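Colleague: next come a sequence and a model predicted from it.
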Amino acid sequence: MKTAEELFNQLNAQDESIRIEAKTASAIDKSILETVCAYTNEPGLDGGYLLLGVSPGTGDLFPRYEVVGIEDPDKIQSDLASQCTNQFNAVLRPEIQVDELEDKIVLVVLVHEQDESAKPVYFKSQGLPGGAFRRIGTTDQRCTEDDLMIFYQEREGYDSSALRNATLKDIDPAAIDRYRSLRKNVNPYASELEFDNTELLEALGCIKDNSITIAGILLFGKRQALRRILPMIRVDYIRVPGNEWIKEPDERFTTIDMRGSLLEMVNRAVAAVNDDLPKGFLLQEESLQAQSIGLPTRALREAIVNALMHRSYRTNRPIQIIRYNNRLEIINPGYSLKPEDRLGEPGSEVRNPFIAAVFHETNLAETKGSGIRAMRRALENAGMAPPTFESNREENTFTARLLLHHFLSTGDLQWLSLFGEYELSDSQKRGLIFVREVGAIDNGAYRQLSDIDVLKASNELRDLRDREIIRQKGKGRSTYYVPGKEFERLSTPVQNQGSAPVESVSSARDSEDSTPAQNGDSAPVQSVNTPASLKKEDLPENLHEKLEKLGRRANRDDMEEFLVILCQWRETKLKEMADLLDREPKYLLQNYIQNLMKDGKLTYTIPDMPNHPRQAYKTTQSGKAYLKRNKN
């Protein structure tokens with residue numbers, strides 16, 4: 001259990017986070033109990049902390065939290081314990097610890113996540129679904145019917161759900177033969193190899209109650225069946241020119257859509273990427289041998305296997321492998337069930353147990369919990385930058401990012417020497433290389449590059465900011481950093497060796513008056529070429545008329561239709577939408593934008609990195625079809 005000092009320092013370094021909430025707590029009010037309920041319910045979060053007796057800070061960039069203390073800690077403890085016993089459908093037993101900060105009494109409350117069999121926890125007086133809460137970012141959100149489905153289906157694993165429209169005719173015998181061959185290589189005496197095909201499917205959890213399960217169709221289904229039953233479950237390999245997401249819709253990128261059984265998809269995806277990656281060799285001075293400086297196949301395979309094995313198959317969205325000139329990004333639906341700061345540690349939190357079992361039994365996946373460590377080890381041995389990972393609960397995505405050049409090469413060291421007067425630490429040097437390649441960095445990516453803790457990362461990033469090497473954008477959990485004055489001044493005359501020119505980084509920066517998208521805490525940000533700030537008089541006549549008709553009490557359907565039409569006409573930032581509609585950005589996001597994105601009608605313009613300086617939204621093909629239906 002963390003101390004009050006540790007939590008307080010983390011609050012002032014990062015603001016409130018998904019696992020830490022600060023409350024003044026003059027009494028145990030509804031907001032405290034809602035947070036308790038959210039922490040007990042949120043899948044894979046492992047609970048969270050409340051620090052009571054601390055006032056949320058004020059200020060723009062660095063809100064400083066203040067210790068206000070608790071006058072009667074015994075009463076607060078008693079009230080909290082009593083209400084956790086009586087208010088909910090289950091008895092909750094949070095750990096409560098009295099501590100001291102700045103000579104004042106505060107309370108540290110650790111709320112544990114409930115077992116899956118006990119979820120959802122809800123207020124007895126309100127019932128389901130509205131009486132249950134989930135922890136989304138730094139907010140406590142009322143549950144919907146969809147959330148309840150997650151709670152109930154996760155108990156057995158979604159991949160064990162039976163499909164009513166699938167039969168044995170949809171199973172590909174070649175996929176079963178592929179499993180047998182892989183399994184035999186691992187253990188030629190495995191008992192399941194003696195089963196016939198139907199018995200084998202039953203043993204692997206691919207048949208349930210005489211029906212094919214989701215795991216069955218994903219692992220062994222024919223391509224035609226996968227297209228018919230799970231049309232959006234595929235892998236898209238996207239080749240993007242340059243180091244940024246598409247600036248102009250007319251500049252078409254190259255894409256390969258891949259479907260097939262998961263055991264087949266591993267090799268197809270690895271081959272598609274490998275064939276497109278730069279191949280290079282570094283000659284050894286004292287021998288005639290050459291050392292490959294390309295991306296290690298093992299690291300690439302682990303990243304793709306991780307995406308296929310741990311993605312959320314409940315979400316109708318493909319895995320995207322985006323190949324930029326200087327990096328590879330693998331984005332899969334489904335946030336990590338393991339906290340980001342524990343990625344790479346032994347042990348695994350499995351979203352799809354039957355699929356994972358097959359991957360492990362065939363040696364396509366590393367021993368449980370060691371895949372990310374193997375990826376890091378392979379890249380380190382090749383002298384390349386460690387991978388960075390980003391888990392986004394709000395958008396329900398997980399991103400693995402691999403830089404494609406030899407890390408700290410002669411060119412890198414030459415470039416870093418320009419900053420010699422600052423006597424930077426090794427982790428700061430790694431961070432600057434990352435900023436040069438990606439255009440921005442946040443605390444999470446910085447920590448992963450050097451395997452350091454949150455506070456040290458925050459202090460080193462602030463040091464770079466104070467020296468104007470990097471520039472801070474956003475605040476709290478939404479904080480990220482882009483190149484600063486000194487970065488640009490020193491980098492301008494240098495052309496990178498083996499990397500994109502430094503000038504490309506500046507295009508990823510926003511102007512001084514631009515505002516990153518807000519999702520209450522952190523939102524992935526995206527468009528790098530959005531036009532100047534949007535005004536009402538800029539709207540075409542049809543949009544202007546719709547805006548005037550909306551007024552202050554617009555119904556949901558009219559509001560959502562307007563937003564979809566607006567983003568079809570032009571990629572639009574959240575702040576621009578809010579200014580047009582005279583609403584708060586956070587209100588607009590939580591009540592409309594998130595629903596439209598969940599329904600697949602809107603999407604981000606650069607789905608590759610959270611907190612990018614120029615986030616915007618655009619209408620998807622599904623959104624265009626929705627507008628066409630409404631018109632008819």
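Modeller: Thanks, I have it.

Colleague: list the contacts for the residue lying closest to Cys143 once chain neighbours are set aside?
Modeller: Leaving aside its sequence neighbours, Cys143 sits nearest to Ala132 (Cβ to Cβ, 6 or more residues apart in numbering; 4.1 Å). Just so you know, the C-beta spots here come from the backbone N, C-alpha and C atoms, and that holds for glycine as well. Contacts for Ala132 (Cβ atoms under 8 Å, 6 or more residues apart in numbering) come out as Cys37, Asn41, Pro120, Val121, Tyr122, Phe123, Arg142, Cys143, Asp147, Leu148.

Colleague: could you redo the last one with a cut-off of 10 Å?
Modeller: 37-38, 40-41, 88-89, 119-123, 126, 141-144, 147-148, 151 (Cβ atoms under 10 Å, 6 or more residues apart in numbering).

Colleague: what does Asn443 give?
Modeller: So Asn443 contacts Ala13, Gln14, Val454, Leu455, Ala457, Ser458, Glu460, Leu461, Arg477, Thr479, Tyr480, Tyr481 (Cβ under 10 Å, 6+ apart).

Colleague: so the second one sits against Gly474, correct?
Modeller: Which is Gln14. No. Judged on Cβ atoms under 10 Å, Gln14 makes no contact with Gly474 at a distance of 11.6 Å.

Colleague: if you count what's nearby, which of those two comes out ahead?
Modeller: Gly474 (21 against 18; other Cβ atoms under 10 Å).

Colleague: you'd agree Leu51 is in a helix?
Modeller: No. Read with DSSP: H, G, I helix; E, B strand; the rest coil, Leu51 is strand and lies in no helix.

Colleague: re earlier: pull out the buried residues from the contacts of Asn443.
Modeller: Buried members of those, scored by 16 or more other Cβ atoms under 10 Å, are Ala13, Gln14, Val454, Ala457, Ser458, Glu460, Leu461, Arg477, Thr479, Tyr480, Tyr481.

Colleague: now the last one, what's its secondary structure?
Modeller: This points to Tyr481. Quick answer, by three-state DSSP: Tyr481 is strand.

Colleague: give me the phi and psi for Lys618.
Modeller: When read as degrees, to the nearest 10, the backbone of Lys618 gives phi -140, psi 160.

Colleague: if it is in a bridge, with which residues?
Modeller: Applying DSSP bridges to Lys618 gives these bridge partners: Thr603.

Colleague: burial measure for Tyr626, as a count.
Modeller: So Tyr626, with other Cβ under 10 Å, has 19 neighbours.

Colleague: so how far is Ser458 from it?
Modeller: 43 Å (Cβ to Cβ, to the nearest Å).

Colleague: residues contacting the residue nearest to Asp147 when sequence neighbours are not counted?
Modeller: Once flanking residues are discounted, Asp147 sits nearest to Arg134: 5.9 Å by Cβ to Cβ, 6+ apart. Arg134 makes contacts with 37-39, 41-43, 45, 120, 140-144, 147, 150-151, 393, as judged by Cβ under 10 Å, 6+ apart.

Colleague: again, only using 7 Å
Modeller: Shown in contact with Arg134 (Cβ atoms under 7 Å, 6 or more residues apart in numbering): Ala38, Asn41, Glu42, Gln141, Cys143, Asp147.

Colleague: buried residues in the helix or strand hosting the first one?
Modeller: Using DSSP states H and E, Ala38 sits within helix 30-41. For helix 30-41, the neighbour count (16+ other Cβ under 10 Å) marks Ile32, Leu33, Glu34, Thr35, Val36, Cys37, Ala38, Tyr39, Thr40, Asn41 as buried.

Colleague: so Ile452 makes contact with Gln428?
Modeller: No. At 10.7 Å, Ile452 does not count as touching Gln428 under the criterion of Cβ atoms under 7 Å.

Colleague: for the two, work out which one has more neighbours and name it.
Modeller: Between Ile452 and Gln428, Gln428 has the larger neighbour count (other Cβ under 10 Å), namely 23 against 15.

Colleague: please, which helix or strand holds that one?
Modeller: Here Gln428 is assigned to helix 426-438, by DSSP H and E.

Colleague: average pLDDT across that helix?
Modeller: The average of the pLDDT scores along helix 426-438 is 88.

Colleague: same thing with stretch 54-68?
Modeller: The pLDDT scores in stretch 54-68 average 71.

Colleague: same thing with stretch 581-601?
Modeller: 86.

Colleague: related to what we said a few turns ago, just the buried residues out of the contacts of Ala132, in ChimeraX syntax.
Modeller: Selection of buried members from these for ChimeraX, criterion 16+ other Cβ under 10 Å:
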select :37,38,40,41,88,119,120,121,122,123,141,142,143,147,148,151
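
Colleague: from the contacts of Ala132, which ones fall inside helices?
Modeller: Cys37, Ala38, Thr40, Asn41, Asp147, Leu148, Phe151 (DSSP state H).

Colleague: Pro386: neighbour count?
Modeller: Pro386, neighbours per other Cβ under 10 Å, totals 21.

Colleague: that one contacts Arg377, correct?
Modeller: No. Counting by Cβ under 7 Å, Pro386 stays clear of Arg377, with 9.5 Å between them.

Colleague: with distance to Leu413 and pLDDT added, can I get the contacts of Asn443 in CSV?
Modeller: Shown next, in CSV, are those (distance: Cβ to Cβ, whole Å; pLDDT from 0 to 100):
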residue, distance to Leu413, pLDDT
Ala13, 30, 76
Gln14, 32, 71
Val454, 28, 77
Leu455, 28, 78
Ala457, 23, 87
Ser458, 26, 85
Glu460, 20, 92
Leu461, 22, 92
Arg477, 34, 62
Thr479, 29, 79
Tyr480, 26, 85
Tyr481, 22, 91
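
Colleague: in helices only, show me these.
Modeller: Checking these against DSSP H, those in helices are Ala13, Gln14, Val454, Leu455, Ala457, Ser458, Glu460, Leu461.

Colleague: from the residues you listed, which two are the most distant?
Modeller: Pairwise distances across those peak at 13.8 Å for Gln14 and Glu460 (criterion: Cβ to Cβ).

Colleague: ok, back up a step: tell me what the residue nearest to Asp147 is bridged to.
Modeller: Assigned bridge partners for Arg134, using DSSP bridges, are Gln141.

Colleague: now it: how far from Gln126?
Modeller: 15 Å.

Colleague: list the contacts of Asp257.
Modeller: Asp257 touches Arg234, Asp236, counting by Cβ under 7 Å, 6+ apart.

Colleague: tell me the one of the buried ones among the contacts of Asn443 nearest Glu192?
Modeller: Val454 (44.9 Å).

Colleague: quick one, what contacts the closest one?
Modeller: Neighbours of Val454 in contact, by Cβ under 7 Å, 6+ apart: Gln10, Ala13, Gln14, Asn443, Arg447.

Colleague: may I see the residues you listed arranged in TSV, with distance to Gln590 as well?
Modeller: Listed next are these as TSV, based on distance: Cβ to Cβ, whole Å:
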residue	distance to Gln590
Gln10	25
Ala13	26
Gln14	21
Asn443	24
Arg447	28
